[in-house]
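>>> pasting the sequence and the predicted model now:
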Amino acid sequence: MIIYQASKRQFLHHALREDIEDVVSRQYRSATGHGVSPAEVRAWKHSLLEMAKVLGDEEIPEDAGVAIEYQLPQSSKRIDFVITGEDADARSKVVIVELKQWSESRRSEKDAVVWARRGGAGEREGPHPSYQAWSYAAYLEDFNAAVQDGAMTLQPCAYLHNHPRDGEIDHPHYRDHLARAPLFLAREHSKLQAFIREHVRHGDRKGALYAIENGRIRPSKMLIDSVAGLLQGKPEFVLIDDQKVVHETILQVDTQAAERKQVVIVQGGPGTGKSVVAINLLGALIGRGRNARYVSKNAAPRAVYEARLAGTFTRTRIGNLFSGSGAFVNDEVDTYDTLIVDEAHRLNEKSGLYRNLGDNQVKELIRAARCTVFFVDDDQRVTLLDIGHTEELRRQARELGAEITELELSSQFRCNGSDGYLAWLDNTLDIRETANPTLDTREYDFRVFDNPADLHALIELKNRANNRSRVVAGYCWKWPSKRDPQAWDIDLPQFHYRRRWNLDKDGSLWIVMPGSVEQVGCIHTCQGLELDYVGVIIGPDLVFRDGRIVTDATKRAPSDQSVKGLKGKLKTDPENARALADTIVKNTYRTLMTRGMKGCYVYCTDAPLAAYLRSRLRAVSEMAPPDVPEALSSALAGAPSKVVPLRPVSKEDRAAGVAAVPVIDLRFAAGAVSDAQVLDHAADDWVALPDWVRPQPGLFVARVVGESMNRRIPNGSWCLFRANPPGTREGKVVVVQHRSIADPETGGQYTVKRYASEKMPGEDGAWQHLRITLHPDSDRPGFEPIEIRLGEGEDEFSVVAELLLVLPTVGD
């Protein structure tokens, strides 16, 4: 999402003749639905005026593109300033500028880290601006297909217009990062101008900005798919902002462990990158020759990582790198250099199958290593036995005489990068009060279903793309299939919905095993792991009564060990027991509902809870209405077809302001779509766009049938078009209508082809078309170009729409 975009000419007008900070603020509120802090508005005012001085250079083309505040895909991070155009060789260039208002800073001994006053707070460590600019560019290259497919070159740099050149921010310690992203300081705006001129010699009329914003978002990298490379020292993930600071700080602390025992506590919520940093650390420490291990109480993450390493590492080597938390009962003091403990909140007091071994897992881990690193989220404590909360980690570290370092990961890289979703979830589940009582589902795909069968069907459909979608549930159903494989565990007969737990067949590998999408997982098989889409069945342990969320841990299945011992605690200390049980139930669903990077779909066994969740959604339509477009029904029913699973949007939802586009049948409506104003009348069905496409006037979705364009548009593909396209059509794929066309594949007087024309200058200096050729693009013989000679019947020829995207199908 780009908050503000314009040509250089328009930007200078806004900056020099209007209040640019007000213009950007209005754009921000329009795009996100909420405002920004006064501090950010002030930062815009000062930094953007400085950029206006830089772009005042006459040699920087007037029609270069300018973007302000581009939010990185699936992240809460934003690029400050972007300039786009073409270089002297007509290659597309994108200059990324990280802006800082710092007037001073000082060097840190850590790689790519610098001390500075950030956000008006006191001095603290953070990423060096050059590293920050480069990391954003690298992240964008990883996620945005347009950057790679469009052969764009990204040129990151940093501009600190108040900061003198003092040998600190520009110290040789940062040499490698300064080489990748040059640093421009106070009174160096002419150097920045020269840098921009070097890369942007010609304007592109915002073409690169359009391509970036509307380009397909590549599937996000999954840690489970990258663990082998990370442990071999390959930079599979670019660490962003606080991830980089935490990583470098831990490596520095680890070097001090020879003199004194060290404990590092890293706090971070779902999707902040705890596991990414943990595995990166393991790889870095192995590279330094350290005796390091990755430790987790939960078997699922270990099993998945170990499975991915099979064939790359020997079984013995894998066993020496990964361990359960109960394996350190008998270890001597300082047996290991470093233990990296992921999901530390799941640590138990006792170890062993019967929980009769050892003293305290936290104590045993600290004792066994010179440096112990705990990654913890207190809000993911999901059983009565979990003791690894932050205060317990501190207490045990102090008792063992360890030096404690506390760090925090706050940047969101899950839930589509929406910090707002996590805050909304905490508020909605009554975990803590936040300023997010409602959720804008344009930020994160959250839906409430009235039928669990519909929910599971959509998750299965999503899963066809890459095996990254699963259904999970609260552990409120018994497990008869453990003894009788033919028995059903979750049985909701009113919906004809019957499924089995996947607690035995695939065990801890359930989340990655092909075919396991048919079963239902639980907290024990998904915590610490991530999906693209998660479906959550909320059981009777969470309901809505008398205007509030109510939990009842006694509704859990007898086989669930999460609340074992609750009855005894209720007798001895009922108040604290009820509070603890309430926390466990809420934390369980918070954890389940934050497994999805792109979306979360829920079904509630309690109807009032479903209504409550819907009441806290904004710009959302209820799922699976009866008026599913006929063209989409075959895909939703599971029939093999190349149809993108688009969410239908009702008339009521559109009237309420939900963004949607019409589904058009080109065979009958080619003439109508030439005017964007009549699209409303040409369509009976409307759908929501995929989450990577920004709505705009004139868009519509249509299916292209035939083989004449199969190199670009596979037969039967759903495509996104723009009606009445402006500008040149040369080389573009367009929908053309003309009385002389009789396309054999469509049976009508329109066709979808690649456009080319021959022109000559007229007497008035304007160009006149002589002939238009519509080229097929097929790997099959027999398709000939269609030629249209223009003359007296020119008014009967029209380009009614332009192809923007071939939408991914369920098999892509």
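Arrived safely.
>>> buried set for stretch 509-526?
By 16 or more other Cβ atoms under 10 Å, the buried positions in stretch 509-526 come out as 509-513, 516-517, 519-526. C-beta coordinates here come from the backbone N, C-alpha and C atoms, glycine included.
>>> could I have the CA atoms of it written out in CSV?
Provided in CSV are the C-alpha atoms of stretch 509-526 (Å, rounded to 0.1, in the frame of the first residue of the first chain):
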residue,chain,number,x,y,z
LEU,A,509,4.4,-33.2,11.4
TRP,A,510,0.7,-32.6,10.9
ILE,A,511,1.1,-29.0,9.8
VAL,A,512,3.2,-29.9,6.8
MET,A,513,2.1,-33.4,5.8
PRO,A,514,0.2,-33.5,2.4
GLY,A,515,-3.4,-34.6,2.9
SER,A,516,-3.6,-33.6,6.6
VAL,A,517,-5.8,-30.6,5.7
GLU,A,518,-8.6,-33.1,6.0
GLN,A,519,-8.1,-33.5,9.7
VAL,A,520,-8.3,-30.9,12.5
GLY,A,521,-5.3,-29.8,14.5
CYS,A,522,-5.1,-28.3,18.0
ILE,A,523,-2.9,-26.1,20.1
HIS,A,524,-0.3,-28.8,20.7
THR,A,525,0.3,-29.4,16.9
CYS,A,526,0.5,-25.8,15.7
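>>> show me the contacts for the nearest residue to residue 256 once chain neighbours are set aside.
Spatial nearest neighbour of residue 256, excluding adjacent residues (Cβ to Cβ, 6 or more residues apart in numbering): residue 262 at 6.1 Å. By Cβ atoms under 8 Å, 6 or more residues apart in numbering, the contact set of residue 262 is 253, 254, 256, 370, 371, 372, 402, 403, 405.
>>> next, format the residues you listed as CSV and append distance to residue 425.
CSV is the format used below for those (distance: Cβ to Cβ, whole Å):
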residue, distance to residue 425
253, 32
254, 34
256, 38
370, 38
371, 34
372, 30
402, 34
403, 35
405, 29
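>>> of those residues, closest to residue 712?
Of all the contacts of residue 262, residue 712 sits closest to residue 254, with 52.2 Å by Cβ to Cβ.
>>> for the closest one, helix, strand, or coil?
What DSSP: H, G, I helix; E, B strand; the rest coil gives for residue 254 is helix.
>>> from residue 603, how far off is it?
For residue 254, the distance to residue 603 equals 46 Å [Cβ to Cβ, to the nearest Å].
>>> these two: which has the busier surroundings?
residue 603 (26 against 22; other Cβ atoms under 10 Å).
>>> which ones among the buried residues of stretch 509-526 lie within strands?
Mapping the buried residues of stretch 509-526 onto strands (DSSP state E) picks out 520, 521.
>>> quick one: which of the buried residues of stretch 509-526 is nearest residue 491?
Lowest distance from residue 491 to these (Cβ to Cβ) belongs to residue 520, with 11.4 Å.
>>> is the closest one bridged to anything, and to what?
Beta-bridge pairing of residue 520 under DSSP bridges involves residue 471, residue 501.
>>> which ones are touching it?
Counting by Cβ under 8 Å, 6+ apart, residue 520 has contacts 471, 472, 473, 489, 490, 499, 500, 501, 502, 537.
>>> my read is that the fourth one contacts residue 483, right?
It stands for residue 489. No. Judged on Cβ atoms under 8 Å, residue 489 makes no contact with residue 483 at a distance of 11.3 Å.
>>> grab the nearest non-local neighbour of residue 492.
residue 452 (5.9 Å).
>>> I should have written residue 56 there, sorry.
Nearest non-adjacent residue to residue 56, counting by Cβ to Cβ, 6+ apart: residue 12, 6.8 Å away.
>>> burial of that neighbour, as a residue count?
When neighbours are defined as other Cβ under 10 Å, residue 12 has 19 of them.
>>> okay, it: pLDDT?
Note for residue 12: predicted pLDDT of 94.
>>> next one: residue 389
94.
>>> contacts only, for residue 517.
Residue 517 neighbours (Cβ under 8 Å, 6+ apart): 459, 460, 463, 467, 469, 470, 471.
>>> domain map for this protein?
Here the domain parsing of the chain from automatic domain parsing is 2-214, 223-409, 418-618, 642-806.
>>> now do the first one: distance to the chain's middle.
Spelled out, that is domain 2-214. Mean-position distance between domain 2-214 and its chain equals 22 Å (Cα atoms, centre = their mean, to the nearest Å).
>>> again, but for the third one
Between the centre of domain 418-618 and the centre of its host chain there is 21 Å, according to Cα atoms, centre = their mean.
>>> grab the nearest non-local neighbour of residue 105.
Residue 105's closest residue in space is residue 116 (Cβ to Cβ, 6+ apart), at 4.0 Å.
>>> could you verify my assumption that the one you found touches residue 127?
No. If you go by Cβ under 8 Å, residue 116 and residue 127 don't touch, sitting 10.1 Å apart.
>>> and these two? Which one has more around it.
A side-by-side neighbour count of residue 116 and residue 127, using other Cβ under 10 Å, places residue 127 first with 24 against 21.
>>> out of the buried residues of stretch 509-526, which are inside helices?
Using DSSP state H, the members of the buried residues of stretch 509-526 that fall in helices are 523, 524, 525, 526.
>>> burial measure for residue 708, as a count.
With other Cβ under 10 Å as criterion, residue 708 counts 26.
>>> for residue 775, see how far away it is.
On the measure of Cβ to Cβ, residue 708 and residue 775 end up 10 Å apart.
>>> do residue 784 as well
From residue 784 to residue 775 the distance is 9 Å (Cβ to Cβ).
>>> can you list the strands that the helix or strand where residue 373 lies pairs with?
Under the criterion of DSSP states H and E, residue 373 resides in strand 369-376. Sheet pairing here is set by DSSP bridges, and for strand 369-376 it gives strand 262-268 (parallel), strand 336-342 (parallel).
>>> take those and write them to JSON lines, including mean pLDDT and distance to residue 573.
Converted to JSON lines, the strands paired with strand 369-376 look like this (pLDDT from 0 to 100; distance: least, Cβ to Cβ, whole Å):
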{"stretch": "strand 262-268", "mean pLDDT": "95", "distance to residue 573": "27"}
{"stretch": "strand 336-342", "mean pLDDT": "95", "distance to residue 573": "29"}
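>>> those strands: which one's closest to residue 240?
With respect to residue 240, and counting by Cβ to Cβ, the nearest of the strands paired with strand 369-376 is strand 262-268 at 13.1 Å.
>>> can you list contacts of the next helix or strand after that closest one?
Counting by DSSP H and E, the next helix or strand C-terminal to strand 262-268 is helix 274-287. By Cβ under 8 Å, 6+ apart, the residues outside helix 274-287 that reach it are 223, 227, 230-233, 237, 239, 243, 246-247, 250-251, 254, 266, 268, 292-294, 301, 305, 321, 337-338, 340, 342-343, 373, 375, 377, 409, 413, 528.
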